[in-house]
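Peer 1: predicted coordinates and the sequence they were generated for:
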Amino acid sequence: MIWRLGLVVVLAWLLGFVWFAGWLPDPAPMERTDAVIVPTGSAGRIERGLEVVQTDSADTLLVTGVDPEVKPAEFAAQFNVPEKIMACCVTLGFAATDTRGNAQETREWAEANDIESLRLVTSDWHMRRAATELRRELPDNVRIVKDAVRSEPSLWMLFVEYHKWLVSRTVGPLLS
């Protein structure tokens, strides 16, 4: 009896991993939101967030989890952000150090700025966990558009992220 239960658990874990690794989230089409949220990390995230703001698909951008050593002028130079866009539309968040912290920093910023809809821009392999943490923090009336940046994660990266996502889904609610 116990071995059957163990077999079911292993099979569910394996099928879950195949789904997680085989069907990564896709980029979202451009649609209007109040804001764009970009957790720092993999390549392409910040560039995509800036593209959304510069095409008038959102009014403002929060880059969450920025290293405290980074100065706004350095950020603007690195990503070729026009001074006008930097001044009006880009907020650098320095409080977060992990995905859960990104969600908390986003909640505080969204509340302070009366955000009702946002586009979450992160890597395809990170989207599920980032969206899970963000949904847990934000009120239900805030609409989240998931905009995944395509990447080529290694099997090991997917394996690790799958387990982080499982913990986020199962243990995360207990920590809130």
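Peer 2: Yep, that arrived.
Peer 1: shaky segments in the protein?
Peer 2: Low-confidence segments of the chain, defined by pLDDT under 70, span residues 172-176.
Peer 1: can you map out the helices along it?
Peer 2: Remark: helices assigned in the chain by DSSP state H are 2-22, 45-54, 72-78, 83-89, 99-112, 127-137, 155-170, 172-175.
Peer 1: dump the fifth one to CSV, restricted to CA.
Peer 2: Extracted C-alpha coordinates of helix 99-112, given in CSV (Å, rounded to 0.1, in the frame of the first residue of the first chain):
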residue,chain,number,x,y,z
THR,A,99,11.4,36.7,-5.5
ARG,A,100,9.3,37.0,-2.4
GLY,A,101,10.9,40.4,-1.6
ASN,A,102,10.2,41.5,-5.2
ALA,A,103,6.5,40.8,-4.6
GLN,A,104,6.4,42.6,-1.3
GLU,A,105,8.3,45.6,-2.8
THR,A,106,5.8,45.6,-5.7
ARG,A,107,2.8,45.6,-3.4
GLU,A,108,4.1,48.6,-1.5
TRP,A,109,4.8,50.5,-4.6
ALA,A,110,1.6,49.5,-6.3
GLU,A,111,-0.4,50.7,-3.2
ALA,A,112,1.5,54.0,-3.1
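Peer 1: possible to save the helices of the chain as a markdown table with mean neighbour count and distance to V149?
Peer 2: (C-beta placed from N, C-alpha, C; glycine too.) Formatted as a markdown table, the helices of the chain follow (neighbours: other C-beta atoms under 10 Å; distance: least, C-beta to C-beta, whole Å):
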| stretch | mean neighbour count | distance to V149 |
| --- | --- | --- |
| helix 2-22 | 11 | 17 |
| helix 45-54 | 20 | 5 |
| helix 72-78 | 13 | 17 |
| helix 83-89 | 13 | 19 |
| helix 99-112 | 20 | 15 |
| helix 127-137 | 21 | 9 |
| helix 155-170 | 15 | 14 |
| helix 172-175 | 11 | 23 |
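Peer 1: dump these to JSON lines, plus distance to I144.
Peer 2: Below are the helices of the chain laid out as JSON lines (distance: least, C-beta to C-beta, whole Å):
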{"stretch": "helix 2-22", "distance to I144": "19"}
{"stretch": "helix 45-54", "distance to I144": "14"}
{"stretch": "helix 72-78", "distance to I144": "24"}
{"stretch": "helix 83-89", "distance to I144": "19"}
{"stretch": "helix 99-112", "distance to I144": "10"}
{"stretch": "helix 127-137", "distance to I144": "6"}
{"stretch": "helix 155-170", "distance to I144": "15"}
{"stretch": "helix 172-175", "distance to I144": "16"}
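Peer 1: done for today, thanks.
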